[in-house]
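# Based on what follows, work out the 3D shape:
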Amino acid sequence: MIKHPFPPLYNENSRILILGSFPSVKSRAELFFYGHPQNRFWKVIAAIFDSKVPENVEEKRRLLLDNGVALWDVIAECEITGSADSTIKSVVANDLTEILDSAEIEQIFVNGKTAEKYFRRYIEKEICRKAICLPSTSPANAAFSLDRLIDEWRAAIKG
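Got it, this is the predicted structure:
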C-alpha cells in the first residue's frame, strides 16, 4: 500500500475543489500535484484564469489559491503500479471534512473518470454532495487536445 505523501491545498477563500485520483510517481517524488510534465493540468488552469503557466510549486500554489481553487485527491492510500490509474486497488478514500469545514466550497470537480469512480464509491454519500466530472488532463487521455480540455474545463468552472 502506498500512502498519499502530501497534504491538500486550500485556504478559507477556496470556493472550488478539484479532486484527482492519486498522485503519479513524479508527483509523489515532488510532493506536489500534477508533477509529470506531460500532464496538462497546469496549462489548463493557467488558461482558465488568464495566467502564465506556473513553473514551480510556489507559483502553482499561488495560482490556485489566488483564484479560490482547492486541490486534493480522492484516494488517501492504495495499491498502484507506477502511475497507472488502471492498476489502482485496495482504495482508502481521503476525508474531505477538513477542507469542507474550513472553506465555503461551492462546487466540487473530479479530474477524470477514475477520480469520479472512487468519489462516487467512497465519498459522495459521506459528504452528501455531488461532483462534476471533467475530462482528465492526463497524457493518457489522448482523445482530448489541450484546446478542447481548456474549453471543457473553462465552461464547467467559469460557467
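# how much space between residue 91 and residue 76?
For residue 91, the distance to residue 76 equals 8 Å [C-beta to C-beta, to the nearest Å]. Placement of C-beta: from N, CA and C, glycine included.
# Of these two, which one has the most company?
Between residue 91 and residue 76, counting by other C-beta atoms under 10 Å, residue 91 is the more crowded of the two (19 against 15).
# for that one, what are its contacts?
Applying C-beta atoms under 8 Å, 6 or more residues apart in numbering to residue 91 gives the contacts 75, 77-78, 118, 121-122.
# Grab the nearest non-local neighbour of it.
Excluding its sequence neighbours, the residue lying closest to residue 91 (C-beta to C-beta, 6 or more residues apart in numbering) is residue 78, at 4.9 Å.
# What are the buried residues along the helix or strand that contains the one you found?
Using DSSP states H and E, residue 78 sits within strand 75-79. For strand 75-79, the neighbour count (16 or more other C-beta atoms under 10 Å) marks 75, 78 as buried.
# Between strand 75-79 and the very next helix or strand once past it, find me the angle.
Going down the chain from strand 75-79, the next helix or strand is strand 89-93, by DSSP H and E. Per axes from the mean of the first three to the mean of the last three C-alpha atoms, to 10 degrees, the angle that strand 89-93 makes with strand 75-79 is 160 degrees.
# then strand 89-93 to PDB, C-alphas only?
In PDB, the C-alpha atoms belonging to strand 89-93 read as follows (Å, rounded to 0.1, in the frame of the first residue of the first chain):
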ATOM      1  CA  LYS A  89      -6.600  -1.500  -5.900                       C
ATOM      2  CA  SER A  90      -7.400  -1.600  -2.200                       C
ATOM      3  CA  VAL A  91      -8.500   2.000  -2.000                       C
ATOM      4  CA  VAL A  92      -8.800   4.000   1.200                       C
ATOM      5  CA  ALA A  93     -10.500   7.300   0.500                       C
END
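# hey, where'd the helices end up in this structure?
Ranges of helices within the chain are 25-30, 41-48, 57-66, 97-102, 113-118, 124-127, 146-158, based on DSSP state H.
# Out of those helices, flag the one nearest residue 86.
Minimum separation from residue 86 across these (C-beta to C-beta) falls at helix 113-118, 7.9 Å.
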